[in-house]
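# My questions concern the predicted model and sequence given below.
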Amino acid sequence: MFSLIGTIIIGFVVGLIARALKPGDDKLGLIMTSILGIAGAFLANFVGQKMGWYGAGQAAGWIASVVGAIILLFIYSLVKSKT
């Protein structure tokens, strides 16, 4: 139970950092910011494990999670601008 709450809190912080670092105006609410941060952490963890940077039980670090969230934010901006 605590790891889920911790993941949500860390994901929210990572999402805020990613939104602050990426230029432009992204109209995301608190829930989408949290989802963006959590997905960024999962993306960084997945890529890191495939590249051999992290082991099976290791979580991605803060910097990798923020980079993953920024990548997802750029993808979100591209998809949003086409609609």
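Everything's here; your move. Keep in mind the model is a prediction, meaning the values are calculated, not measured. Numbering: from 1, shown residues only.
# Can you tell me how far the residue nearest the centre of the chain is from W62?
Geometric centre of the chain, nearest residue: G40, 2.2 Å, by Cα atoms, centre = their mean. Going from G40 to W62 by Cβ to Cβ, to the nearest Å gives 11 Å. Using the backbone N, CA and C atoms, a C-beta is placed for each residue, glycine as well.
# intersection of neighbour lists for these two?
Residues touching both G40 and W62 (Cβ atoms under 8 Å, 6 or more residues apart in numbering) are V14.
# now A64, what's its secondary structure?
Put simply, A64 is helix when judged by DSSP: H, G, I helix; E, B strand; the rest coil.
# wait, D25
Going by three-state DSSP: D25 is coil.
# can you check L28 too?
Following three-state DSSP, we place L28 in the coil state.
# quick one: what helix or strand has F74 in it?
Using DSSP states H and E, the element containing F74 is helix 62-82.
# so how far is that helix from its chain's centroid?
Mean-position distance between helix 62-82 and its chain equals 7 Å (Cα atoms, centre = their mean, to the nearest Å).
# Quick check: which helices or strands does that helix pack against?
Other helices and strands packing on helix 62-82, by 3 or more Cβ pairs under 8 Å, 6 or more residues apart in numbering; DSSP states H and E, are helix 2-21, helix 30-51.
# Now do the contacts for the nearest residue to V67 once chain neighbours are set aside.
Using Cβ to Cβ, 6 or more residues apart in numbering and skipping the chain neighbours, the partner closest in space to V67 is A44 (6.4 Å). Contact analysis of A44 by Cβ under 8 Å, 6+ apart lists A60, G61, A64, S65, V67, G68.
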